[in-house]
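K.L.:
3D, please:
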Amino acid sequence: MDPLFILTRTLQYSAAALLQGIFVMWCVIAQPALRQMQGTLALQNRFDRWLLALGWTSLLVALASGIVWLILLASQMSGVAPPDVIPQGVVRIVLTQTRFGEDWLLRGAFIIMLAACLLAQTQKLRQVPRWIGLVVAAAFMASLAWAGHAAAADNLPYSYLHLPADLLHLLATGAWLGGLLPLGLLLAAVRRDGGPDGLAVARTAALRFSVLGISCVGTLLVTGIVNTWFLSGSIPALVGTLYGQLLLVKIALFIGMIAVASVNRNRLLPVLARGNAEASLQSLVARKLSRNAFTEAGLGVLVLAVVGIIGRLPPGLHTEPRWPFPFQLDLGEVGAGALRVLDVAAILFVLCLIAIAIQRRRYRGMTVSLVGVVLCGSIAWIAVRPGILPAYPTTYYASTQPYAAASVARGATLYAANCTACHGADGRGGGPMAASLAIRPADLTEHIFAHHVGDLFWWVSHGRGNGVMPGFADKLSPDQRWDVINFVLARAAAVQTNTVRSQITTAAAAPLPDFAFQQDGTQNTLSQMLKSGPVLLVLFVGPAPEARLKQLTDLEPGAAAGLGVIAVGLGKTPKKAPMVVQVSNDVRGLLMLFRSANDGGETEMILDRNASVRARWTARGAGGLPDADTLLADAVRVARIPAAAANHAGHGG
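P.N.:
Coordinates of the predicted model:
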């Protein structure tokens, strides 16, 4: 990470937030409070001078940091040294031919407009420029959304919510965080004034800012959850990546700001709001509020520093999450009855926590609620205990090699050279060395899909069973280990598929690997074809079953569920026939795993959009191959099975 880049981003975000906060303070907080009191002209003039100085400083920081940001980015994009990007015309290209350049020019226009608004702060004419400045400052702050991750395209459900959520997040940040320093300055000015009118101004301003702060905090909570989902997407990515860990630091700082604000609202503001309180007490409270506002502002600067750092990191969603704990929670291992108990216990747990929070100084009620928390927590632990499983640093890795024919073919060769001696050629644990081992090698055709692929990667890399299975990290590259895993998964999927019959089910099913094929001179893949609906995969040996293919040809145009048909000859290259596609030897080797040896020369499988085999027929099986009506009815049922949700795992390596 480039420290100068991070510093530049931090200064740009801080200056933008402060500019918005200054105009918010002028238009929404300070001016309404000052208008209510006579004799505060000196206080108002002093405060205006402070805000003007702060505004010009922020504007200059925004301009300087924006220029440095532009130069650094132009250097990064072109490979030209920063001092040379202007003489060589790189900056001009970035400004005129990139999205960042367009956004930078827009922010430059906002800076010019804000300078005009600050210049127009005269005694006779200041309200209109201030309101214009508020709108422009908010637009300047919001424009930073296009410099962050939210502006990138997301291939996730509801991704259209990401950018609006980031816009609202920035606006709420500018209004609350940016207004803290001006609020502290106002309270400091009131403390210097010391008069009753000044204390009344402090009281009104603090109460108005409290209302603004509550609305901003609520907005930040909601939009922060949305942004965290899109940029981290899962607990592993949140705790197992640098991006996610910094995001947790940002959340902790935000909680610290809320804690200080809570002290202000619950302890200090009620005293200040009492008009009959002693002037000395109100002055003391104003001083504490001012101090706390500066403390919140300091925490806010740290939040923006974290934002400056994570803006230079890939989101946790796109990074391999290195799991830091030796255990994982898998609710799939928890029974349905236990899950219902867990739901009830969780609801009661939250209700008890709420009861503790609202029962101030009611010690008997708090004690009962605390007992409820402990009891519900214990019940929840007992219910969820079967789902607590061992975990490894790579548990939530995703494969760097696609689950496809080419990877499976490479993995088959590597498996034969490194794994057959123990696990056997068929993977059932009966290799030549199995009898001499203290622990029989695992059957790699059973229960393999019950594990995360990241667990498999850890075992292949580091071994298992106290040295019974050696690790291969020193013999195989990461990509080669993923190839071996893909082969093991494909063979296990083939074994499970051999038990599938003609009845459509929605039970969990192993996926068939992706493969490429050519038909009528056009390249295509199984995964691409499945996007349009279910696919009937026809595997045959020997001459092409022309009568059956003719029947399927007549069927396809009328398939209500968009059923596609792929016919693959597994023997010698078959002669051209309807629906028969050309595939590589790697694909033939893969599909041979999914064919039954005694199928009578033909096996047919219907795949859902996840490439899982939902029904299977053979020419020699009971009832033979399905007729047209059966295929159409089955295709409609399979089409209703939803596609898998977007994968939030990272990418291992």
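
K.L.:
secondary structure element for Arg410?
P.N.:
Assigned by DSSP states H and E, Arg410 falls within helix 405-418.

K.L.:
just to be sure, Asn227 is in a strand?
P.N.:
No. Going by DSSP: H, G, I helix; E, B strand; the rest coil, the assignment for Asn227 is helix, not a strand.

K.L.:
returning to that earlier point: name the next helix or strand downstream of the helix holding Arg410, please.
P.N.:
helix 420-423.

K.L.:
distance from the chain centre to the helix holding Arg410, please.
P.N.:
Its chain's average C-alpha position is 33 Å from that of helix 405-418, according to Cα atoms, centre = their mean, to the nearest Å.

K.L.:
now that helix: buried residues?
P.N.:
Neighbour counts over helix 405-418 (16 or more other Cβ atoms under 10 Å) mark Ala405, Ala406, Ser407, Val408, Ala409, Arg410, Gly411, Ala412, Leu414, Tyr415, Asn418 as buried. Every residue, glycine included, has its C-beta placed from N, CA and C.

K.L.:
contacts for the helix or strand of the chain with the lowest mean pLDDT next, please.
P.N.:
Confidence across the helices and strands of the chain bottoms out at helix 31-35, with a mean of 76, counting by mean pLDDT, DSSP states H and E. Helix 31-35 is contacted from outside by Thr40, Leu43, Gln44, Phe47, Gln127, Arg130, Ala200, Val201, Ala202, Thr204, Ala205, Arg208, using Cβ atoms under 8 Å, 6 or more residues apart in numbering.

K.L.:
if I pick the last one, what's in contact with it?
P.N.:
Think Arg208. Counting by Cβ under 8 Å, 6+ apart, Arg208 has contacts Val28, Ile29, Pro32, Ala33.

K.L.:
redo those as CSV? Include distance to Thr241 and neighbour count.
P.N.:
CSV is the format used below for these (distance: Cβ to Cβ, whole Å; neighbours: other Cβ atoms under 10 Å):
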residue, distance to Thr241, neighbour count
Val28, 39, 20
Ile29, 39, 23
Pro32, 45, 13
Ala33, 45, 23
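
K.L.:
that older thread, which of the buried residues of helix 405-418 sits closest to Asp608?
P.N.:
Ala405 (19.2 Å; Cβ to Cβ).

K.L.:
would you map the helices across the stretch 101-250 of the chain?
P.N.:
127-142, 162-193, 196-231, 235-240, 242-263 (DSSP state H, counting those that start in this stretch).

K.L.:
Arg616 is nearest to which of these?
P.N.:
Between Arg616 and the helices of the stretch 101-250 of the chain, the tightest spacing by Cβ to Cβ is seen for helix 235-240, at 34.7 Å.

K.L.:
so the nearest residue to Tyr243 once chain neighbours are set aside versus Pro3, what's the distance?
P.N.:
Among residues not flanking Tyr243 along the chain, Gly316 sits closest, at 4.2 Å (Cβ to Cβ, 6 or more residues apart in numbering). Using Cβ to Cβ, to the nearest Å, Gly316 is found at 22 Å from Pro3.

K.L.:
the two: who's more crowded?
P.N.:
Gly316 (28 against 9; other Cβ atoms under 10 Å).

K.L.:
how far away is the more buried one from Thr228?
P.N.:
The gap separating Gly316 from Thr228 is 9 Å, by Cβ to Cβ.

K.L.:
quick one: contacts for Val580?
P.N.:
Ala544, Leu549, Ala567, Val568, Gly569, Pro574.

K.L.:
is it bridged to anything, and to what?
P.N.:
Ala567 (DSSP bridges).

K.L.:
all helices of the stretch 251-400 of the chain, in order?
P.N.:
Remark: helices assigned in the stretch 251-400 of the chain by DSSP H, counting those that start in this stretch are 269-273, 279-310, 336-358, 363-384.

K.L.:
in the shortest one, what's buried?
P.N.:
With burial defined by 16+ other Cβ under 10 Å, the residues of helix 269-273 counted as buried are Leu269, Val271, Leu272.

K.L.:
kindly report the same for the second one.
P.N.:
The neighbour-count criterion (16+ other Cβ under 10 Å) identifies 282-283, 285-286, 288-290, 292-310 as the buried residues of helix 279-310.

K.L.:
quick one: mean pLDDT for that helix?
P.N.:
Per-region confidence: helix 279-310 scores 87 on mean pLDDT.

K.L.:
give the other helices and strands that the longest helix seen in the chain contacts.
P.N.:
When the chain is parsed with DSSP state H, its longest helix is helix 41-78. Here helix 41-78 touches helix 3-24, helix 31-35, helix 90-97, helix 99-119, helix 162-193, helix 196-231, going by 3 or more Cβ pairs under 8 Å, 6 or more residues apart in numbering; DSSP states H and E.

K.L.:
hey, least reliable of those by pLDDT?
P.N.:
Among these, helix 31-35 carries the lowest mean pLDDT (a mean of 76).

K.L.:
just give me the closest of the buried residues of helix 405-418 to Ile67.
P.N.:
Of the buried residues of helix 405-418, the one sitting nearest to Ile67 (Cβ to Cβ) turns out to be Ser407, at 47.7 Å.

K.L.:
common neighbours of Gly316 and Thr228, please.
P.N.:
By Cβ under 8 Å, 6+ apart, Gly316 and Thr228 have these common neighbours: Leu238, Leu247.

K.L.:
circling back to that earlier point, output the helices of the stretch 251-400 of the chain as TSV; include the columns distance to Leu186.
P.N.:
Shown next, in TSV, are those (distance: least, Cβ to Cβ, whole Å):
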stretch	distance to Leu186
helix 269-273	13
helix 279-310	8
helix 336-358	31
helix 363-384	38
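
K.L.:
for Ile504, which of the ones you listed is the nearest?
P.N.:
Using Cβ to Cβ, the helices of the stretch 251-400 of the chain put helix 336-358 closest to Ile504, at 23.0 Å.

K.L.:
who touches the closest one?
P.N.:
With contact meaning Cβ under 8 Å, 6+ apart, helix 336-358 is reached by 331, 334, 365-366, 369-370, 372-373, 376-377, 379-380, 383-384, 386.

K.L.:
swap in 6 Å and give it another go.
P.N.:
For helix 336-358, the surrounding residues in contact (Cβ atoms under 6 Å, 6 or more residues apart in numbering) are Met366, Ser369, Gly372, Val373, Cys376, Ile379, Ala380, Ala383, Val384.

K.L.:
just the angle between the helix or strand hosting Leu591 and helix 405-418, please?
P.N.:
Assigned by DSSP H and E, Leu591 belongs to helix 585-592. For helix 585-592 against helix 405-418, the angle by axes from the mean of the first three to the mean of the last three Cα atoms, to 10 degrees is 80 degrees.

K.L.:
going forward can the numbers begin at 58, since that is how I track them
P.N.:
All set: I'll call the first residue 58, so the last point we hit is now helix 642-649.

K.L.:
same question for helix 642-649, mean pLDDT?
P.N.:
The average pLDDT for helix 642-649 rounds to 94.

K.L.:
please apply the same query to stretch 610-620.
P.N.:
Mean predicted lDDT for stretch 610-620 stands at 65.

K.L.:
what's the first-to-last distance across stretch 565-578?
P.N.:
36 Å (Cα to Cα, to the nearest Å).

K.L.:
also stretch 476-487?
P.N.:
First residue to last in stretch 476-487 (Cα to Cα) measures 11 Å.

K.L.:
could you flag which of the contacts of helix 88-92 are buried?
P.N.:
For these, buried by 16+ other Cβ under 10 Å: Thr97, Leu100, Gln101, Phe104, Arg187, Ala257, Val258, Ala259, Thr261, Ala262, Arg265.

K.L.:
distance to Leu303 added to those residues, as TSV?
P.N.:
Listed next are those as TSV, based on distance: Cβ to Cβ, whole Å:
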residue	distance to Leu303
Thr97	44
Leu100	41
Gln101	41
Phe104	36
Arg187	36
Ala257	43
Val258	39
Ala259	36
Thr261	38
Ala262	34
Arg265	33
